[in-house]
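Enquirer: quick one: sequence and predicted model below, then my questions.
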There are 2 protein chains.
Amino acid sequence: MLLSLLRFKVAREGERMNLGELEKLILNYFWQTTVADAKQVYAHFEQSRGGTLNTIQSTLDRLYKKDLLSREKIGHAFQYRAAKQRKDFIAGLIKDTTNDFTKPNEDTIMAAFVSLSSGLNDEQLDQLEQLIKKHRLTTPTGEGT
Amino acid sequence: MLLSLLRFKVAREGERMNLGELEKLILNYFWQTTVADAKQVYAHFEQSRGGTLNTIQSTLDRLYKKDLLSREKIGHAFQYRAAKQRKDFIAGLIKDTTNDFTKPNEDTIMAAFVSLSSGLNDEQLDQLEQLIKKHRLTTPTGEGT
DNA sequence: TTAAAAACCGACCATCAATCGGTATTTGTA
DNA sequence: TACAAATACCGATTGATGGTCGGTTTTTAA
């Protein structure tokens, strides 16, 4: 309104982890390419979506600051690569997402499984059973897929 | 820049489904309370976080327009309730999230399971097996994705 | 009919991804 | 060592969206 001077600001420390469209594209790119510098990433996306090298650089930097990419200066350019394995990253997202809608004492991961399992067909149930079997064999430090 | 007239706008039709903090609170509230009008919701959150009734009303309306709440006018106020079951909603979120990082031909749900299963301990593996067993019994018609 | 209750409208702020121009650094080389 | 090219970094703008709430319109019950 006219007087918005008294507007209050609730302290927020929660870590939003929302990714933009370009950020997702680039992340996927790095799970397929392992390593690249800004110029290479730009070359990859130039035709398919336009934009400038600068935009790519900014986005790489943003992803780096979010700890989703790591970088190392080789020659005169940063070499970027994915900081996390794809499945670990997805697992993290799922946990965060689920956690927002899970009671404090509830097992978040199991809640996610329960939610997901509703729509499974027989074939998927079979695959899931194989997955469990595999995990049973691997030690607690198991690598998985 | 000085000349931002030529700025281009890429057509976007993708359906973002990001929820704000208050939206999440209210959604969780309705999975616990089944039905309430704006005033009741406001009464519930008034002390714990302040704000006005209007803010609650706006947020309820936003959630309604996002198809996350349903409403029905009883007396002189809308009675709101959750439009989806909690686990269905979570499953949807997980699928969307996972889909963003899944190859086009990949099974999104299975990818989510694979991602999630990395960090499971024995007890959780047991629970998961029980879950599968249950679904084997209760699922006559395989629904699929 | 009318007063109160609720819905609705519109505005503002904050945050954040995307975008990109311009400048500062850095590096390889002459 | 000096310098030019390549790259990183800074800062500004736009668009979207959630939160916030005042003010007005609509609806309902008496």
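Expert: Yep, it's here.
Enquirer: I figured A:Ala112 hits B:Leu93, correct?
Expert: No - applying Cβ atoms under 8 Å as the test, A:Ala112 and B:Leu93 come out as separate, 9.6 Å apart. Just so you know, the C-beta spots here come from the backbone N, C-alpha and C atoms, and that holds for glycine as well.
Enquirer: which neighbours do those two have in common?
Expert: Counting by Cβ atoms under 8 Å, 6 or more residues apart in numbering or on different chains, the common neighbours of A:Ala112 and B:Leu93 are A:Thr98.
Enquirer: which residue ranges of chain A form helices?
Expert: Here chain A has its helices, by DSSP state H, at A:21-33, A:38-49, A:53-65, A:86-99, A:108-117, A:122-137.
Enquirer: name the stretch among these that sits most buried.
Expert: When these are scored by mean count of other Cβ atoms under 10 Å in any protein chain shown, the highest mean neighbour count falls to helix A:108-117 (a mean of 22).
Enquirer: which intervals of chain A have sub-threshold pLDDT?
Expert: Across chain A, residues meeting the criterion (pLDDT under 70) sit at A:1-16, A:139-145.
Enquirer: ok and the residue in it nearest DNA strand C?
Expert: A:Gly20 (1.5 Å; Cβ to the nearest atom of the strand).
Enquirer: quick one, what contacts that residue?
Expert: Residues counted as contacts of A:Gly20 (Cβ under 8 Å, 6+ apart) are A:Thr59.
Enquirer: how far away is the residue nearest to A:Lys87 when sequence neighbours are not counted from B:Thr97?
Expert: Nearest non-adjacent residue to A:Lys87, counting by Cβ to Cβ, 6 or more residues apart in numbering or on different chains: B:Ser115, 4.2 Å away. Note on B:Ser115: its distance to B:Thr97, by Cβ to Cβ, to the nearest Å, is 10 Å.
Enquirer: before we move on, what about A:Leu25?
Expert: In this structure, A:Leu25 and B:Thr97 are 15 Å apart, going by Cβ to Cβ.
Enquirer: one more: A:Arg71?
Expert: 25 Å.
Enquirer: before we move on, back to that, overlap in contacts of B:Ser115 and B:Thr97?
Expert: What both B:Ser115 and B:Thr97 touch, as defined by Cβ under 8 Å, 6+ apart, is the set A:Ile90, A:Ile94.
Enquirer: is DNA strand C within reach of stretch A:67-81?
Expert: Yes - Stretch A:67-81 reaches DNA strand C (Cβ under 7 Å from any atom of the strand) through A:Lys73, A:Gly75, A:His76.
Enquirer: not counting its neighbours along the chain, what's nearest A:Val35?
Expert: A:Arg81 (4.6 Å).
Enquirer: domain ranges for chain A?
Expert: Domain ranges of chain A: A:21-82, A:86-137, per automatic domain parsing.
Enquirer: and these as a markdown table, adding distance to DNA strand D?
Expert: Output for these, formatted as a markdown table (distance: least, Cβ to the nearest atom of the strand, whole Å):
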| stretch | distance to DNA strand D |
| --- | --- |
| domain A:21-82 | 4 |
| domain A:86-137 | 11 |
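Enquirer: ok so, going back, tell me the most packed of the residues of stretch A:67-81 next to DNA strand C, by neighbour count.
Expert: Using other Cβ atoms under 10 Å in any protein chain shown as the neighbour test, the residues of stretch A:67-81 next to DNA strand C are led by A:Lys73, with 9 neighbours.
Enquirer: so that one bridges to which residues?
Expert: Beta-bridge pairing of A:Lys73 under DSSP bridges involves A:Phe78.
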